[in-house]
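S.K.: structure of the sequence below:
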Amino acid sequence: MYSVEQVKSIGKERTPESFSRLLGIFHSDESIDVRREAVSSIGRHSDNDKIFEFISREAFSKNNPMELIYQMFRTCLYKSRDDERFSQLRQKISNYYRNENIDKMSAYYDFRQQREKLQAKNKITNPILLVGDSAHTLGQLDDECVQLIFTSPPYYNAREYSDYTSYDEYLLRMKEIFCSCCRVLEDGRFMIVNVSPVITKRPGREFESIRYPIHYDMHRILTESGYYFVDEIIWIKPEPSVPDRISGYRQTRKPLSYKPNCITESIMIYRKNCTFLLDRNMKAYDEYDKHDGEEIDTSNCWYIAPKYDKNHPAVFPEELCRKILRYYSFEGDAVLDPFAGSGTLGRVARRMGRIPVMCEMNEDYAAVIDSEEPGYYDVRGKISSKYSQQIVMRM
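M.R.: Sure thing, here's the model as predicted:
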């Protein structure tokens, strides 16, 4: 009669003789615990050919109780990392038994593998400023190297920094960049886009202006680019801060002329497509600052005054950036803005212990970002010296 500890000692020898002894113990009348340890010790041997032959023969025998089958399946799980034969055998066993315990073992193994993969990724450790078209400059980043993306795409032909030949071209360009963002975003992490409808100028008094529901079209291209919709947060501004559209109706009170003042923008929350729950992303962080005592936003309506800046016509309010970073990232995370503008997200991220990755194609704006704390960013791309001099003089 053998004990479990004796079988473990035999298994540690890792010789052809010990393998044969373990096979003999497995086929004996020993207790189920001893025979299970024999299977486990066989799986720890290095001769994959013999192990594969053993499991292929015994895993489908009706004479073997499920306790032994589970141990054989466990061996297939861990051997499958380096030997494709065990991946196929694992699937064959799973299909044959359709057993809930085998399903749980498989799910747990996949979870462990994914967690190791997340921890082993090439994480960004230094702030980066990519100068140029983000559809191309993002190619300098590794796959899944950032943990949050928060951005506000350029308005369609509504500002001096945005000029496209057509609305369709604008959407195609946005989709191209969102696809590049999806590649660099870690699986299961958040892509957050601030957007609102925009009205274009009339080409003449006899023509009607066009108001584009950009947030609806953004939803379509985001879902086509590798994300799924999670939430919408409504950013509400003070009414005096927005353009007055109601004055015409206020004067005439004529039906059909009503145009309300638009005091909201949409903060659209998406998650990168994946096959696992958020728990898996959160478990990658053993310790984190819980911000105990801070007020929590309980609704999807955030009342935040807009920000005005002499260097850029449309900037994030810092309060908005703080909320997004707090709710959707951890300290030490790399956070990306592919349309960085004057770099508000980067400034707030720096103060909150995140690692900013800024993309900006306008050299003037890029110079603003770089000049705030010279040497802070790893600047990848050319910023003309004339822009840098102008910005330094202006600030």
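
S.K.: give me the number of residues near H45?
M.R.: By other Cβ atoms under 10 Å, 19 other residues sit near H45. C-beta coordinates here come from the backbone N, C-alpha and C atoms, glycine included.

S.K.: again with Q88
M.R.: The number of residues packed near Q88 is 13, by other Cβ under 10 Å.

S.K.: gap between it and L77?
M.R.: Noted for Q88: a distance of 13 Å to L77, by Cβ to Cβ, to the nearest Å.

S.K.: how about K259?
M.R.: Per Cβ to Cβ, K259 is found 62 Å from L77.

S.K.: who has more neighbours out of those two?
M.R.: Using other Cβ under 10 Å, the more surrounded residue of K259 and L77 is L77, with 20 against 13.

S.K.: pLDDT value on Y78, please?
M.R.: On the pLDDT scale, Y78 is placed at 87.

S.K.: same deal with R202?
M.R.: As predicted, R202 sits at a pLDDT of 69.

S.K.: quick one: contacts for T223?
M.R.: Contacts for T223 (Cβ atoms under 8 Å, 6 or more residues apart in numbering) come out as F229, Y270.

S.K.: which element is it on?
M.R.: In this structure, T223 sits in helix 214-224 according to DSSP states H and E.

S.K.: now that helix: how far from the chain's centre is it?
M.R.: 18 Å (Cα atoms, centre = their mean, to the nearest Å).

S.K.: can you check stretch 144-157 too?
M.R.: Distance, centroid of stretch 144-157 to centroid of chain: 12 Å (Cα atoms, centre = their mean).

S.K.: for that stretch, what is the average pLDDT?
M.R.: pLDDT averaged over stretch 144-157 gives 90.

S.K.: which residues of the stretch 201-350 of the chain fall in strands?
M.R.: With strands called from DSSP state E, counting those that start in this stretch, the stretch 201-350 of the chain shows them at 211-212, 227-236, 264-272, 301-303, 307-309, 312-315, 334-337.

S.K.: which of those sits most buried?
M.R.: Compared across the strands of the stretch 201-350 of the chain, strand 334-337 shows the largest average neighbour count, a mean of 26 (mean count of other Cβ atoms under 10 Å).

S.K.: paired strands for that strand, with orientation please.
M.R.: Neighbouring strands of strand 334-337 in its sheet, by DSSP bridges, are strand 146-151 (parallel), strand 355-360 (parallel).

S.K.: check which helix or strand covers the residue nearest to the spatial centre of the chain.
M.R.: Closest to where the C-alpha atoms of the chain average out (Cα atoms, centre = their mean) is R189, at 2.6 Å. Using DSSP H and E, R189 sits within strand 185-195.

S.K.: output the contacting helices and strands for that strand.
M.R.: Judged by 3 or more Cβ pairs under 8 Å, 6 or more residues apart in numbering; DSSP states H and E, the packing partners of strand 185-195 are helix 100-120, strand 146-151, helix 167-184, helix 214-224, strand 227-236, strand 264-272, helix 278-282, helix 318-328.

S.K.: partner strands of that strand and their direction?
M.R.: Using DSSP bridges, the strands paired with strand 185-195 are strand 146-151 (parallel), strand 264-272 (antiparallel).

S.K.: CA atoms only: put the first one into CSV for me.
M.R.: The C-alpha atoms that make up strand 146-151 are tabulated as CSV, following Å, rounded to 0.1, in the frame of the first residue of the first chain:
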residue,chain,number,x,y,z
VAL,A,146,-2.7,51.9,-22.6
GLN,A,147,-5.4,51.4,-20.0
LEU,A,148,-7.8,54.3,-20.8
ILE,A,149,-8.6,56.5,-23.8
PHE,A,150,-10.4,59.8,-23.2
THR,A,151,-10.8,62.3,-26.0
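
S.K.: what angle sits between that strand and helix 318-328?
M.R.: 150 degrees (axes from the mean of the first three to the mean of the last three Cα atoms, to 10 degrees).

S.K.: list the buried ones in strand 146-151?
M.R.: Residues of strand 146-151 classed as buried: V146, Q147, L148, I149, F150, T151 (neighbour count, 16 or more other Cβ atoms under 10 Å).

S.K.: then stretch 345-357?
M.R.: Neighbour-count burial for stretch 345-357 flags L345, G346, R347, V348, A349, R350, M352, R354, I355, P356, V357 (criterion: 16+ other Cβ under 10 Å).

S.K.: filter the residues you listed down to just the ones in helices.
M.R.: Taking DSSP state H as the definition of helices, those contribute L345, G346, R347, V348, A349, R350.

S.K.: give me the distance between the fifth one and L325.
M.R.: What it means is A349. Note on A349: its distance to L325, by Cβ to Cβ, is 6 Å.

S.K.: who touches both of the two?
M.R.: Common neighbours of A349 and L325 (Cβ under 8 Å, 6+ apart) are V335.

S.K.: rewinding a little: who's in contact with the residue nearest to the centre of the chain?
M.R.: If you count contacts by Cβ under 8 Å, 6+ apart, then R189 has V146, Q147, L148, I149, R271, K272, N281 around it.

S.K.: and K79, how many neighbours?
M.R.: K79 is flanked by 20 other residues according to other Cβ under 10 Å.

S.K.: where does it fall, phi/psi-wise?
M.R.: Note on K79: backbone dihedrals following degrees, to the nearest 10 are phi -70, psi -20.

S.K.: wait, it touches I51, no?
M.R.: Yes. At 7.0 Å, K79 and I51 qualify as touching, with contact defined as Cβ atoms under 8 Å.
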